[in-house]
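*Asks:* The sequence and its predicted three-dimensional model are supplied below.
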Amino acid sequence: MKKLLTIVLLPLFVLCFCQKVELKAVKDSSQIFKGEVAGMPVTLQLYFAGIADCSLYQYFVEGWYSYDKYQKKIPLTGIYDYGKLYLYHFGNKQKKNSELLKDQITSPQKVEKTAEIAQALFPKESIVFDQDHPKENTISGNFYLDKKVQPAALFTGNNMIYRLNNYLILPNNKKINTFDFINKHGGNQLISYASGENGNRILLYFEHSSNFNACGRCGASEGEKGYRVLYFTKDWNYKNYEEFLTESCLENIYDTTETKSQDRKILKYKIKKSSSTAAYGLTVDVKSASVIRSK
């Protein structure tokens, strides 16, 4: 596969008068959540503790929770599984049983049996968030103690612990995260930004994995590559974005060629016909932070 020239990664910026745009990549491996257990306010802090097999959608978590009224940290161990959280407290056997739990969960099939495996280790407390359709900014679940079941909730719309954040720091003290509105993969790099009659634009180049599951389709590929143009109002309120692929395992786009230009701020690509798309060309104008697709 022909590699694209790394020239696109150079930090070329277009100044929009005295305004400045920055991109900061921040990898989170822990999260703090607010919630409730049996109607009582609680705080949870959970840490990413390694993948269970080969998927970043399935991983071990460690941490604690505490009732806000008492502020005593109760240790937890468990699994994050595609949005579902299984958390366990084993009392004075917390360390030993946490290791036993991890030793037995070695595949996606074993992850699906987390609750069964954990119950065999006799947890003192369990907090399970496994409902498929969470309400906006609230993820509901159950708290189990002494064979009694009480409602539990996390006050968030996303309970992922491991996150690849790409924060765009914008003029007017504004900040947005591509994690929230593009995808969870990160991998964006700021190329340029510009202003026009209809508002502001930001040009990003991206390279990221095709699939967080390395054992799934395209999981071991060279990933997705291309450009994104983000559109904003004149006051830097986000509107929408367009994506232009130059290489993609998911779309079967390979062997892209770049046409050299005397102007290093104009980049041209020829994308060959694939099983999912017709052949097309891309003209990337770094100065104007724009991309034009042609037949």
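*Replies:* Arrived safely, thanks for sending. Numbers count the residues shown, from 1 in each chain.

*Asks:* So for the closest residue to Lys268 other than its chain neighbours, what pLDDT did the model give?
*Replies:* Computed as CB to CB, 6 or more residues apart in numbering, the closest residue to Lys268 that is not its neighbour in sequence is Thr259, at 4.1 Å. For the C-beta atoms, the positions are set from N, CA and C on the backbone; glycine is no exception. Looking at Thr259, its pLDDT is 83.

*Asks:* The stretch 151-295 of the chain: helices as residue ranges?
*Replies:* For the stretch 151-295 of the chain, applying DSSP state H, counting those that start in this stretch gives helices covering 178-181.

*Asks:* hey, where'd the strands end up in it?
*Replies:* Counting by DSSP state E, counting those that start in this stretch, one finds strands in the stretch 151-295 of the chain at the ranges 163-170, 174-177, 188-196, 199-208, 224-232, 238-248, 257-259, 266-271, 280-285, 290-294.

*Asks:* mind checking how far the residue nearest to Lys124 when sequence neighbours are not counted is from Leu282?
*Replies:* Closest residue to Lys124 apart from its sequence neighbours, by CB to CB, 6+ apart: Gly91 at 4.2 Å. Distance, Gly91 to Leu282, by CB to CB, to the nearest Å: 59 Å.

*Asks:* From Ala38, how far off is the residue in the chain sticking out farthest from the centre?
*Replies:* Distance from the centre of the chain peaks at Gln262, with 37.4 Å (CA atoms, centre = their mean). According to CB to CB, Gln262 stands 70 Å off from Ala38.

*Asks:* what residue is smack in the middle of the chain?
*Replies:* Most central in the chain (CA atoms, centre = their mean) works out to Lys184, at 2.3 Å.

*Asks:* pLDDT score for that residue?
*Replies:* So, for Lys184, pLDDT stands at 94.

*Asks:* Was I right to think it contacts Leu164?
*Replies:* Yes: between Lys184 and Leu164 there is a contact at 6.5 Å, judged by CB atoms under 8 Å.
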